[in-house]
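Q: predicted model and sequence follow; I will ask about them next.
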Amino acid sequence: MVEPKQRRVFAGFIMVVLLSILLILSLTTVLASDLILNTAPVIENIDISASSRGNTYYDYLTANWETSDEDGDDVYIIEEWYVNNMTMTLLHLPFENSTSNTSSTSIDYSDQYNNCDVFGAEWYPFGGSDGRGVYNFDGIDDYMNLDTISFDDSENFTLSLWYKGLDITIGGDYGTTLIGRDKSDIWANLVLREGYVEYIHYDLSWQHNMRSSTMIADDRWHQIVFVNHDTKTGDIWIDGEKEIFGGSTVMDNEAYPFIIDSLMRGYDRQYTQGMIDEVRVYGRALSDDSIQTLYQRSEDTISPSETITGEVWHVCVTPNDGSEDGIKVCSESITIQQGGLGDQKVSASSAPDLELDTSDITFSDSLPRESQNITIFANVSNLGTTTAENVTVQFIADGSEIGNATINISGSSWTQANVTWLAQMGQNNISVYVDPDNDVAESNETNNNASILMSVTAYHIFYGDTSTIVAVGNGTDYLLQIDSQVENILVSDSDSSIDFNELYALGKTNASVNSSDDFEEADQLLGMTGFPDSINITYSTDGSTPKSTRSFDIIDWTIEGVPVVNSTNSTSFVTGILWDASDDDDGEYDSTDSEDLVFITSNNEDVVGFYGTYDYEIKVPALLRSYKGATETVDFYIELP
């Protein structure tokens, strides 16, 4: 009676042992397969070839290599070009998979080793502009952080990335940030606003002149490149096409540079929706050729426009098979001989070859005022070896000739031509034509012309001490002497007749209800439609909604919801816009009734402003003088207690 029970217990023990053995074998098999799951790719036989025999200024540099992968995986190459032993990039995030944890870290392949911390963004292995890996950001709380990179407005730098998404947020002045910073001390960011790319920058107020013409929030991949030049001007490229060139990127405070420490998150925790890929930051202004190369994904080639005499170049490449990186391998170095196109832009042609591009056109003042005399400079190169004599350089603004200069240019050198121009308000297309009548026999006649946009502010800044004298701009013309305490300062066209009891906030009816299109209609009547700093762009988000408002106490009543902007660079002085309902027939401001416009600021005693310490600043459109009638002046009004 006992034996069967003993046998059953023994059999159960055997089963447990067998199961344990099977589990151990199974686990061993899994672990063994993990150990041989992937073999890193290999790269070898790397070198650099030049497009001619001498590594000269005329050469394109091309990296060559051989790759292999034991598993038969496709191999993606991550290139880093080095100039004098420093990478061209200050940040390079290809977002390919490596041995890092992609949910928390993204690897920087520049020599700065500025790896990004990932917060919430999801990595997809088969997405991206190249199908090799991408991060997706939800627009709610996903972003990346990195160590700070900063640039002054007078430094050369380039930002490049690919974007795919549907973010059409307006976001006030700030938009939603692609590359920039989430701090109250921001003076610039690369952003999306309404689906358009903008490089916003603060110069007396937030500037929106650097805006793409292509709306990229269409859920397709787009390459975005922003280039800043040391002339305090910039270019925006979308998908290999230059859409904005030579726009002002001036920032009004040297203490606050453009700072990068975040991707897809901007000021006041505004997050950006979409996917980004191939993020690069360069400490140089890439040439047009190089930007085209990036768009065409020909990163193995360096344009001669990047090279300078005596520079030492080499390339390092890291193979990646979608799972991990192989070992980085570097080429031997080569030294650029005989001068580089980035140096003096000279070539070996014997006949003269006169050359000019956008970066060769600069201004004595990058942000001039209306009717200011400024000098336009053009650096004309002779890529040939023969001297070109009596070369005419023609300068044109918006189709009208400014003037000509005559220069001689030795072979393999450059000479500067210049003219003086009386700055005209608005956005001006400045064109320079070298040898416009083809008097010089050249080896290449297709590279003689270039154009650049120059924005001239539409406003005059008035400031002063209301207890002493009132100054205009930063000049020495004084308007009036005041010895009493002032509450408000108001400005209107001299031909306007103002009823101070009938003033209302622009953007509202005389019943204090929101009104549509007031800012656009003000631009129409002032002749400022299309200006990069129009009333609409400066004061509103959409032609109807003010960016910021405040109330003003005038006489014995308070006007609420007055649209305001900073008069210059601080919130100490703001300028608001009112309209006079005494000219009105329908209860709202419109272009039909042409109601009077009044600009207003409050007195603020002994406060530091942009020009010094004084009592008020007010930002007045220059064309307010022509708003009504033939008198080309404005009147100042002061409200006394």
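A: Sure thing, it's come through.
Q: switch to C-alpha atoms for all contacts and neighbour counts from now on
A: Fine.
Q: so who does Asn189 touch?
A: Contact analysis of Asn189 by CA atoms under 8 Å, 6 or more residues apart in numbering lists Tyr174, Thr177, Leu178, Ile179, Gly180, Arg181, Tyr199, Ile200, His201, Phe258, Ile259, Gly266.
Q: just the pLDDT at the third one, thanks.
A: Residue-level confidence at Leu178 comes out at 97, pLDDT.
Q: that older thread, quick one: which of the contacts of Asn189 sit in strands?
A: Thr177, Leu178, Ile179, Gly180, Tyr199, Ile200, His201, Phe258, Ile259, Gly266 (DSSP state E).
Q: Asn536: which of these is nearest?
A: Nearest to Asn536 among these is Ile200, at 16.2 Å by CA to CA.
Q: from Val191, how far off is that closest one?
A: Distance, Ile200 to Val191, by CA to CA, to the nearest Å: 7 Å.
Q: joint contacts of the two?
A: Tyr174.
Q: which parts of this structure are helices?
A: Using DSSP state H, the helices found in the chain span residues 3-35, 288-295, 518-526, 535-539.
Q: export the second one to PDB, keeping only CA atoms.
A: Extracted in PDB, the C-alpha atoms of helix 288-295 (Å, rounded to 0.1, in the frame of the first residue of the first chain):
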ATOM      1  CA  ASP A 288      25.000  78.000 -51.000                       C
ATOM      2  CA  ASP A 289      26.800  75.000 -52.500                       C
ATOM      3  CA  SER A 290      27.100  73.300 -49.100                       C
ATOM      4  CA  ILE A 291      23.400  73.800 -48.300                       C
ATOM      5  CA  GLN A 292      22.500  72.200 -51.600                       C
ATOM      6  CA  THR A 293      24.900  69.300 -50.700                       C
ATOM      7  CA  LEU A 294      23.100  68.800 -47.400                       C
ATOM      8  CA  TYR A 295      19.700  68.800 -49.100                       C
END
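Q: may I see the buried residues of it?
A: Using 16 or more other CA atoms under 10 Å as the test for burial, helix 288-295 gives Asp288, Ser290, Ile291, Gln292, Thr293, Leu294, Tyr295.
Q: closest to Tyr616 among these?
A: Nearest to Tyr616, judged by CA to CA, of these is Asp288 at 45.2 Å.
Q: can you pull the pLDDT of that closest one?
A: Per-residue pLDDT puts Asp288 at 87.
Q: check Lys547 too.
A: Model confidence at Lys547 (pLDDT) stands at 93.
Q: neighbours of it, how many?
A: 17 (other CA atoms under 10 Å).
Q: over to it: give its phi and psi.
A: Here the main-chain torsion angles of Lys547 (degrees, to the nearest 10) amount to phi -70, psi -40.
Q: Pro563 is in contact with that one, correct?
A: Yes: between Lys547 and Pro563 there is a contact at 7.2 Å, judged by CA atoms under 8 Å.
Q: please enumerate the shared neighbours of these two.
A: Common neighbours of Lys547 and Pro563 are listed as Tyr539 (criterion: CA under 8 Å, 6+ apart).
Q: quick one: the residue positioned nearest the centre of the chain from Ile336, how far?
A: Central residue of the chain (CA atoms, centre = their mean): Tyr199, 2.8 Å from the mean position. Per CA to CA, Tyr199 is found 34 Å from Ile336.
Q: can you give me the strands for the stretch 1-150 of the chain?
A: Secondary structure of the stretch 1-150 of the chain (DSSP state E, counting those that start in this stretch): strands located at 42-50, 56-57, 61-68, 76-83, 86-87, 89-93, 105-106, 116-119, 122-124, 134-138, 143-151.
Q: now the buried residues of helix 288-295 in JSON lines, with distance to Asp357?
A: Shown next, in JSON lines, are those (distance: CA to CA, whole Å):
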{"residue": "Asp288", "distance to Asp357": "10"}
{"residue": "Ser290", "distance to Asp357": "14"}
{"residue": "Ile291", "distance to Asp357": "15"}
{"residue": "Gln292", "distance to Asp357": "15"}
{"residue": "Thr293", "distance to Asp357": "18"}
{"residue": "Leu294", "distance to Asp357": "20"}
{"residue": "Tyr295", "distance to Asp357": "20"}
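Q: go through these and name the one nearest Arg280.
A: Relative to Arg280, the closest of those is Leu294; by CA to CA it sits at 10.3 Å.
Q: residue contacts, the nearest residue to Asn320 once chain neighbours are set aside?
A: Leaving out its chain neighbours, the residue that sits closest to Asn320 by CA to CA, 6 or more residues apart in numbering is Tyr76, at 5.1 Å. Going by CA under 8 Å, 6+ apart, Tyr76 touches Pro319, Asn320, Asp321, Gly322.
Q: please repeat the previous calculation with a cut-off of 10 Å.
A: Pro41, Thr67, Glu96, Asp130, Arg132, Val317, Thr318, Pro319, Asn320, Asp321, Gly322, Asp325 (CA atoms under 10 Å, 6 or more residues apart in numbering).
Q: what about burial for the residues you listed, which qualify?
A: Pro41, Glu96, Asp130, Arg132, Val317, Thr318, Pro319, Asn320, Asp321, Gly322, Asp325.
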